[in-house]
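Can you look at this prediction? I've put the sequence above it.
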Amino acid sequence: MRIRAFVWPLLAALPLLSACRTVLPGRAPRFPFVVSPSVADTIDTEVLSNAVRLHRLVNVKAPWRAWVLDVNMSACVSVQAVKGEATAVGRNTTSVLLSRLPAASHPIAAVNADFFLFAPPGVLTNAHIERGTVIAGPGPNVLLGYDAQRGLFIDSVRVSGAVTSTHGTVDVQNWNRPAANRAGLVDARWGVPLDTLVRTRALRLEPIVAVRQDTSAGRYVVRAARAGDTLVYGDTLLLIVPPALRARAVAGDTVTVQRRLTPYWPRETVGGRGVLLVDSVVGADVDREGNAGFQGLNPRTAAGIARVGNSQRLLLAVIDGRQPGYSVGMTLRQTAELLQSLGAQSAINLDGGGSSAMIVRDNATGALRVRNKPSDPTGERPVGNGLAVLGVCAGR
């Protein structure tokens, strides 16, 4: 079903997004959206399910075009972080990420999510937690997350851990983010051979009782890493130990391994860079985040959270850019103001540029469609992860 909604004039005091000025705190979103011509000239709305609508906003003067998924989280719907591959390393297009989800989960749509490395390919900048499983972490920035107790949130979640023996404790600073100069743990979800220097500083931990995806501790026996220990299999772990800490874990030791998430353990998280909105106000650091190129006109992907009474709405926005005459993109501030004008009270900037993609399943045919116009000449770019919207109740 498609609804065509025409814009209507609001107060003349509402600023133009193109002027990069902060707008007043946003109102609660409504179905369908009705927006000021200061925001967009037209808006088309498609009903994807009883909980999800897709809006296409067009501003002719700028020009820009934006796609916004509006998800009513009080209905039978859920979100899931999806990785480019089943491992911490690996990239794929957002279309492929959505296509791989089981039909029983009724996948509706997906957008790209976090910033990532090109080498090793697809390793994310921030923590990725999928269905309660830590794929990799931690990261320097705040996350968009979900769990049953808190619903949607934008907050910092720290992934850490400890390996303790009779000789002392090695504080683990990262999980599936191996670096020769930092203590860290690598499990089978890393997915590729370790760098040679990293491997020379590794110890193999063979499970007695493997650590699971909660805060309980596992027990392991420490073994010297073998020349062939470049990949991790099963419940075995590799402990990367900088030389200064090597005496705290010795071959033959029995150690406890604990993985911790603080302050809580969410079900899903994806990261980004740049807090756009806090309590309906444009983030204080929006104009200082990154360099001028990062702050300037670019394709954007962003997520906003709107609380309406006791329920939440998730707004996932993809703005096309780098295409003169069609859509020039938005600055960080303009992206914040767009979500603010649509009713979001909190918002985060996700990866943009050529990574920005809005993928939607066609209700009539079941086929996946790229609804936006990615800026890369080759089309959709393989990315590190995405966030999918599913037509099943949260927690299933």
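Looks like it came in fine.

Distance of the closest residue to L314 other than its chain neighbours relative to N291?
Among residues not flanking L314 along the chain, V71 sits closest, at 4.1 Å (Cβ to Cβ, 6 or more residues apart in numbering). For glycine as for every other residue, the C-beta is placed from the backbone atoms N, C-alpha and C. Counting by Cβ to Cβ, to the nearest Å, the gap from V71 to N291 is 32 Å.

So between the two, which is more surrounded?
Shown here are V71 and N291; by other Cβ atoms under 10 Å, V71 has more neighbours (23 against 7).

now stretch 352-369: mean pLDDT?
Per-residue pLDDT over stretch 352-369 has a mean of 97.

Also stretch 277-289?
Confidence for stretch 277-289, expressed as mean pLDDT, is 97.

So what touches it?
For stretch 277-289, the surrounding residues in contact (Cβ atoms under 8 Å, 6 or more residues apart in numbering) are 22, 25-26, 273-276, 295, 304, 332-333, 336-337, 339-340, 344-347, 349.

Buried ones in it, by neighbour count?
Residues of stretch 277-289 classed as buried: 277, 280, 282-283, 286, 289 (neighbour count, 16 or more other Cβ atoms under 10 Å).

May I ask which two of those residues are separated the most?
The span of these, defined through Cβ to Cβ, is set by S280 and E289 at 18.8 Å.

any idea how far A244 is from R322?
Distance from R322 to A244, counting by Cβ to Cβ: 46 Å.

How about the most centrally placed residue in the chain: what's its closest non-neighbour residue?
In the chain, the C-alpha nearest the mean C-alpha coordinate belongs to V270, at 2.4 Å (Cα atoms, centre = their mean). Nearest non-adjacent residue to V270, counting by Cβ to Cβ, 6+ apart: A113, 3.8 Å away.

residue contacts, the one you found?
Counting by Cβ under 8 Å, 6+ apart, A113 touches 81, 144, 270-272, 301, 350-351, 383-387.

any idea how far T42 is from the residue nearest to L314?
22 Å.

cool, and A162?
56 Å.

How about R177?
Remark: distance between R177 and T42 (Cβ to Cβ) = 44 Å.

Next: A227.
According to Cβ to Cβ, A227 and T42 sit 64 Å apart.

burial count for R158?
Neighbour count for R158, taken as other Cβ under 10 Å: 12.

contacting residues for it?
Contacts for R158 (Cβ under 8 Å, 6+ apart) come out as 138, 260-263.

What about the residues you listed, which are in strands?
Counting by DSSP state E, the part of these found in strands is 260-262.

And these, which of them are buried?
Buried, going by 16+ other Cβ under 10 Å: L261, out of those.

Output the ones in strands among the contacts of R158 in JSON lines, with pLDDT appended to each entry.
Listed next are the ones in strands among the contacts of R158 as JSON lines, based on pLDDT from 0 to 100:
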{"residue": "R260", "pLDDT": "85"}
{"residue": "L261", "pLDDT": "87"}
{"residue": "T262", "pLDDT": "86"}
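
Neighbours of the residue lying closest to L315 once chain neighbours are set aside, how many?
Nearest residue to L315, sequence neighbours excluded (Cβ to Cβ, 6+ apart): G304, at 4.1 Å. G304 has 30 neighbours, counted by other Cβ under 10 Å.

can you check A227 too?
Look at A227: counted by other Cβ under 10 Å, it has 7 neighbours.

swap in the one 4 residues further on?
A count of nearby residues for L231, using other Cβ under 10 Å, gives 14.

so it sits in a strand?
No - counting by DSSP: H, G, I helix; E, B strand; the rest coil, L231 is located in no strand; its state is coil.

Report the buried residues of stretch 191-198.
Going by neighbour count (16+ other Cβ under 10 Å), the buried part of stretch 191-198 is 191, 194, 198.

as a whole number, average confidence for that stretch?
Mean pLDDT, stretch 191-198: 88.

what does it rub up against?
The contact list for stretch 191-198 (Cβ under 8 Å, 6+ apart) reads 85-90, 120, 178-180, 186, 202, 229-231, 238, 240.

Buried subset of these as a ChimeraX selection?
Burial among those is assessed by 16+ other Cβ under 10 Å; the matching ChimeraX selection reads:
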select :85,87,88,89,90,120,178,180,186,202,229,230,238,240
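
Sitting in helices, which of the contacts of stretch 191-198 do you find?
Using DSSP state H, no member of the contacts of stretch 191-198 falls within helices.

among the contacts of stretch 191-198, which are in strands?
Here DSSP E is the test, and these give 186, 202, 238, 240 as lying in strands.

Rebuild those as a markdown table, extending it with pLDDT.
A markdown table is the format used below for the ones in strands among the contacts of stretch 191-198 (pLDDT from 0 to 100):
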| residue | pLDDT |
| --- | --- |
| V186 | 94 |
| A202 | 93 |
| L238 | 94 |
| I240 | 95 |
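
okay, these in a markdown table with distance to R131 next?
Shown next, in a markdown table, are those (distance: Cβ to Cβ, whole Å):
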| residue | distance to R131 |
| --- | --- |
| V186 | 21 |
| A202 | 28 |
| L238 | 24 |
| I240 | 26 |
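
Looking at the residues you listed, which one is closest to R248?
I240 (12.9 Å).

Beta-bridge partners for the closest one, please?
G184, A202 (DSSP bridges).

In this structure it contacts L205, no?
No - using Cβ atoms under 8 Å, I240 makes no contact with L205, being 11.1 Å away.

Understood, closing this out.
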